[in-house]
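>>> no sequence for this one, just the structure:
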Ligand code: PHE
């Protein structure tokens with residue numbers, strides 16, 4: 001009896017196909033659970049003749065193992081199937097997504113380079129406020145009240161001072177305010193550069209912007225000469241642009257320097273042959289400079305009889321435009337990644 005039943009069950013087990021969780025559970029209930037057919041058969045062992053029990057027990061154990069084997073195989077297949085579903089969303093054969101690193105802004109690159117060059121010459125970096133009083137932006141720098149020189153820089157005024165013009169509050173038009181603050185607080189020798197944002201009330205165009213960046217330099221000590229100014233900027237031009245750069249100084253005017261000079265560098269694009277960057281002159285202007293006016297020194301509490309100094313100021317945008325051949329100032333503030341992405345690794 002039992003042997004026949006076992007045979008039947010074996011065929012049934014071998015023929016059964018399980019492809020769903022529900023079918024697996026039905027299989028388990030029918031064959032494996034304590035109330036299933038196999039357990040039943042074990043129960044009926046008691047009724048078998050004692051001399052047959054051993055052999056029957058063995059047959060039943062084989063059946064039980066067979067059942068377990070099939071069950072394990074079915075459940076493994078089901079598991080594989082379900083994990084395949086989730087794996088199919090990750091295709092390992094697809095090309096790797098390139099690592100999206102950002103890039104430094106060209107103005108940051110140029111500012112850092114300028115700082116590096118001057119730091120090597122012994123300059124340190126000084127900082128100052130962007131919102132200033134008239135005194136620090138103009139007055140102390142030898143711009144007389146109502147003097148037309150103030151018109152050189154169109155100013156954003158924030159607040160009229162209570163009485164004196166020197167208390168008017170404005171957005172600094174140049175980083176020269178930091179010169180004044182440095183000289184007020186420090187005894188010479190002073191050898192600093194001052195990078196920072198400046199503001200001018202100008203219509204935005206390819207060549208002008210209401211916000212831009214400058215680096216100003218100041219060196220005050222006993223016996224600082226015009227030659228020191230020239231040598232410093234000559235060295236800067238060679239480091240910044242090209243080893244064979246030349247510089248030329250053109251007489252100019254700033255209220256806070258006397259004498260004053262505009263610094264030109266030989267065009268490193270056409271090497272003097274003439275191109276549209278240098279407007280066929282062979283030279284491009286990079287900085288304003290001069291010897292600190294004695295009035296400025298005494299305004300800041302430094303004795304002009306004992307000390308002399310030079311100062312210079314340059315626009316970071318201008319240097320970046322020259323260095324990278326950028327034709328429009330507006331690129332710097334538009335945040336267009338097609339523009340910014342070109343400075344990767346620069
Ligand atoms: N502050 C001047 C400007 O913004 C530049 C300058 C600085 C010129 C120092 C001479 C000396 O135009």
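Great, that's in hand. Bear in mind the structure is a predicted one, so any value in this text is a computation, not a measurement.

>>> now the worst-scoring helix or strand of the chain on mean pLDDT, how far from the chain's geometric center?
Lowest on mean pLDDT, DSSP states H and E among the helices and strands of the chain sits helix 50-87, with a mean of 84. Put simply, helix 50-87 sits 61 Å off its chain's centre (C-alpha atoms, centre = their mean, to the nearest Å).

>>> can you map out the strands along the protein?
For the chain, applying DSSP state E gives strands covering 124-125, 131-133, 157-159, 169-171, 190-199, 211-221, 247-254, 257-266, 283-292, 308-315.

>>> These: lowest mean pLDDT?
Out of the strands of the chain, strand 157-159 stands lowest, with a mean of 88 (criterion: mean pLDDT).

>>> Show me what that strand is packed up against.
Based on contacts counted as 3 or more C-beta pairs under 8 Å, 6 or more residues apart in numbering; DSSP states H and E, the elements that strand 157-159 packs against are strand 169-171. Bear in mind the C-beta positions are built from the backbone N, C-alpha and C, glycine included.

>>> partner strands of the strand it packs on, parallel or antiparallel?
Paired strands of strand 169-171, with direction, are strand 131-133 (antiparallel), strand 157-159 (antiparallel) (DSSP bridges).

>>> one step back: can I get the strands of the chain in TSV with distance to the ligand?
Shown next, in TSV, are the strands of the chain (distance: least, C-beta to the nearest ligand atom, whole Å):
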stretch	distance to the ligand
strand 124-125	16
strand 131-133	13
strand 157-159	17
strand 169-171	13
strand 190-199	7
strand 211-221	5
strand 247-254	5
strand 257-266	5
strand 283-292	3
strand 308-315	3
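
>>> what's in contact with stretch 69-78?
If you take C-beta atoms under 8 Å, 6 or more residues apart in numbering as the criterion, stretch 69-78 is touched by 13, 14, 16, 18, 19, 20, 21, 24, 27, 28, 31, 32.

>>> and the least confident helix or strand of the chain, which residues are buried?
Judged by neighbour count (16 or more other C-beta atoms under 10 Å), helix 50-87 contains these buried residues: 56, 59, 60, 63, 64, 66, 67, 70, 71, 74, 78.

>>> Please tell me I have it right and the second one contacts residue 2.
This points to residue 59. Yes. Here residue 59 lies in contact with residue 2, judged by C-beta atoms under 8 Å, at a distance of 7.4 Å.

>>> returning to that earlier point: which one of the strands of the chain lies closest to residue 275?
With C-beta to C-beta as the measure, strand 283-292 is the member of those nearest residue 275 (10.0 Å).

>>> average pLDDT for stretch 5-14?
For stretch 5-14, mean pLDDT is 89.

>>> I'd like to know how many residues surround residue 342.
By the criterion of other C-beta atoms under 10 Å, residue 342 has 12 neighbours.

>>> now do residue 272
14.

>>> if I pick it, what's in contact with it?
By C-beta under 8 Å, 6+ apart, the residues touching residue 272 are 266, 282.
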